[in-house]
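Visitor: fold the following for me, if possible:
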Amino acid sequence: MGVVAKQSFYNSITIGLAFVIGALNTVFLYPTHMGSKLQGLVVALLALSNLVQPFISFGVQHAVIKFYSNLQTKEEKDKLLSFSLFLPLSVFVVLLAISSVFYSEIVDFIASENKEMGKYAYLILTIAFATALFEVFYNWLRIQFLSVFGNFLKEFFPRVLIFVLLLLYAFEVVDFDGFVVGLITGYYLRLLLVIIYSLSKYTPRFSLALPDQFKVILKYSLLIFMSGTAASLILDIDKSMISTILTVENVAFYSVAIFIAAVIEFPGRAMFQIISPLVAKALNEGDDITLKRLLKKSANNLLLISGLLFCLINLNLSDFYNWIDLGDYAVALEVVLIVSLGKLFTMSMGCLNNIITNSKYYVYVFWFSTISALLAVVLNLYLIQWYGITGAAYATLMVIVLINILKILLVQFRFKINPYSKASILTVTLILLVNLIFTFIEFDLSPFMALAVRSILIFLVFAVIAHLMKLTTDIQPVLKRILSSFQKT
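Guide: You can find the predicted model right below:
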């Protein structure tokens, strides 16, 4: 776990800083200077871009992770890397040709409810392509256990880009058109940086020759593509449907709430960057002991850390919204709690998703994702009409719970392992206890001071009880190793 611990630590710092910048963007700069309408427009366009991106990448970025460690020769590895690059390029050329021929029809469809969406429709495909190609090169780095810089570009760079562009917009250096152009330019700069860095670390001998396992790799990529499309639909269909059924302002309210809830995932996002190749290696080598250890430790540690974040976020929510003075955005307070429950459940599964994706049972992901995507569309269609953005949150929670239960059952039946243990029960008990203690405690202080005092108390109570329950035994050695490595430098 040394490699995992060290790179996860650095990735955690990057993602933590990214969330701080993202928070400034989402809950302050966007609402204050751009307003809910334009914020909702940007979020809706990026959501549509995320829906298109899997069609371009076609799942090959995941094929690199799964098959690379199983290939024996440099020639075969280079063929795989070449294939992972040329396939998205080919798909993009086809999509570009189709969109050029039917551009008017596509714009009319996108702009059916909002004309501004049609005006900036070009952003959707251009950013989707840059993101798809970025993921390919980023995974080239991950298979070599060089995730830190790639993670910086993936998590930190886009948020700093938007931060700078929002400041330029606030000081009227650029108008909204300039903001959109700057956004696209920044995404392509990020792509250029990851290309240069990845090729400096390992330059394959590019070849148009297909890998020996071409059919297996293509089948895997196809299924992951379909699964990824369904997964993207699950993630972004709510924002797209809110903009259609309600207004783009509601997209802004909902997006702020979703961003706050997503903070719970940041420890997992840091760990999964480096643990996925280790899971693939253990599966390829049939190392069941390592696989079980990776699952149990990642699940226990992520549930504990994410549980603390869950408490800090939801117990301080009202004071946070009052401190930032979000005004109309407070209509989405309930959304944060509902979605964060789903995020916490997902984190409690540890690296279980990595096990399924990198195993021979990856085909199940397609069926799970397809069922969930269809359910997401139906639930959002009705629940948004009935309950507004809170209905979208309930739809998201229902879908998360369903797909997670299916995945847990699959791993239990096929691998005879699951992410849960006695420590999981104790951690859930701790989370409930802390919420019970602090739910009814109010401070006669300003929102900021109340938030600060409550956060310190929550952290202290959570940490002390967790230590007494011996829930921190996996984390303490990691912290000691990290501190000792800093002392040596």
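Visitor: name the nearest residue to residue 157, ignoring sequence neighbours.
Guide: residue 190 (5.1 Å; Cβ to Cβ, 6 or more residues apart in numbering). The C-beta positions use only the backbone N, C-alpha and C, and glycine is treated the same way.
Visitor: tell me the secondary structure at that neighbour.
Guide: Look at residue 190: counting by DSSP: H, G, I helix; E, B strand; the rest coil, its state is helix.
Visitor: go on, residue 210?
Guide: With three-state DSSP as the basis, residue 210 sits in coil.
Visitor: residues near residue 285, how many?
Guide: For residue 285, the count of nearby residues is 12 (other Cβ atoms under 10 Å).
Visitor: so how far is residue 70 from it?
Guide: Using Cβ to Cβ, to the nearest Å, residue 285 is found at 9 Å from residue 70.
Visitor: same check, this time on residue 76
Guide: Distance, residue 76 to residue 70, by Cβ to Cβ: 10 Å.
Visitor: and for residue 295?
Guide: Applying Cβ to Cβ, the value for residue 295 to residue 70 is 20 Å.
Visitor: repeat for residue 365
Guide: 19 Å.
Visitor: what's the closest non-adjacent residue to the residue nearest the centre of the chain?
Guide: Centroid check for the chain by Cα atoms, centre = their mean gives residue 269 as the closest residue, at 6.8 Å. In space, residue 269 comes closest to residue 15 once its chain neighbours are excluded; the distance is 5.5 Å by Cβ to Cβ, 6+ apart.
Visitor: tell me which element the one you found falls in.
Guide: Residue 15 belongs to helix 2-24 when assigned by DSSP states H and E.
Visitor: contacting residues around residue 282?
Guide: Contacts for residue 282 were tallied using Cβ atoms under 8 Å, 6 or more residues apart in numbering; they are 288, 290, 291, 294.
Visitor: helix/strand/coil for residue 361?
Guide: coil.
Visitor: distance of it from residue 283?
Guide: 10 Å.
Visitor: compare these two and say which is more crowded by neighbours.
Guide: residue 283 (22 against 15).
Visitor: tell me the SS of the more buried one?
Guide: helix.
Visitor: neighbour count for residue 295 and residue 70, which is higher?
Guide: Neighbours per residue, other Cβ under 10 Å: of residue 295 and residue 70, the larger number sits with residue 295, 25 against 15.
Visitor: where along the stretch 151-300 of the chain do the helices fall?
Guide: Assigned by DSSP state H, counting those that start in this stretch, the stretch 151-300 of the chain shows helices spanning 157-170, 176-201, 214-245, 248-262, 266-284, 288-315.
Visitor: just the angle between the second one and helix 157-170, please?
Guide: Looking back up the chat, that one is helix 176-201. Between the axis of helix 176-201 and that of helix 157-170 there is an angle of 150 degrees, by axes from the mean of the first three to the mean of the last three Cα atoms, to 10 degrees.
Visitor: and what of the fourth one?
Guide: Computed with the same axes, to 10 degrees, the direction of helix 248-262 lies at 140 degrees from that of helix 157-170.
Visitor: what's the average pLDDT for helix 248-262?
Guide: Average pLDDT, helix 248-262: 82.
Visitor: with the second one instead?
Guide: For helix 176-201, the mean per-residue pLDDT is 92.
Visitor: do the same with the last one
Guide: Per-residue pLDDT values across helix 288-315 average out to 90.
Visitor: over to the fifth one?
Guide: Averaging pLDDT along helix 266-284 yields 75.
Visitor: give the buried residues for it.
Guide: Applying a neighbour-count criterion of 16 or more other Cβ atoms under 10 Å, the buried positions in helix 266-284 are 266-284.
Visitor: and the helix or strand hosting residue 93, what other elements does it pack with?
Guide: Per DSSP H and E: residue 93 is located in helix 74-101. In terms of contacts (3 or more Cβ pairs under 8 Å, 6 or more residues apart in numbering; DSSP states H and E), helix 74-101 is packed against helix 35-57, helix 60-68, helix 122-142, helix 214-245.
Visitor: buried residues in that helix, which are they?
Guide: Of the residues in helix 74-101, 76-85, 87-88, 91-92, 95, 99 count as buried by neighbour count, 16+ other Cβ under 10 Å.
Visitor: mind checking the SS state of residue 419?
Guide: When classified by three-state DSSP, residue 419 comes out as coil.
Visitor: does it touch residue 301 like I think?
Guide: No. Contact criterion Cβ atoms under 8 Å: residue 419 and residue 301 do not qualify, at 11.0 Å.
Visitor: find residues that contact each of those two.
Guide: Residues touching both residue 419 and residue 301 (Cβ under 8 Å, 6+ apart): residue 350.
Visitor: please name the nearest non-neighbouring residue to residue 308.
Guide: residue 462 is the one closest to residue 308 (Cβ to Cβ, 6+ apart), at 5.2 Å.
Visitor: from residue 188, how far out is residue 437?
Guide: 50 Å.
Visitor: could you do residue 381 as well?
Guide: Note on residue 381: its distance to residue 188, by Cβ to Cβ, is 35 Å.
Visitor: one more: residue 16?
Guide: For residue 16, the distance to residue 188 - Cβ to Cβ - is 26 Å.
Visitor: if we can go back for a sec, the residue nearest to residue 269: what's it in contact with?
Guide: By Cβ under 8 Å, 6+ apart, the residues touching residue 15 are 151, 155, 156, 266, 269, 270.
Visitor: going by distance to residue 108, which of the residues you listed wins?
Guide: Checking the contacts of residue 15 against residue 108 by Cβ to Cβ gives residue 155 as the nearest, at 35.5 Å.
Visitor: what is the burial count for that closest one?
Guide: Quick note: residue 155 (other Cβ under 10 Å) scores 22 neighbours.
Visitor: could you find the closest non-adjacent residue to it?
Guide: Of all residues not flanking residue 155 in the chain, residue 18 sits nearest, at 4.1 Å (Cβ to Cβ, 6+ apart).
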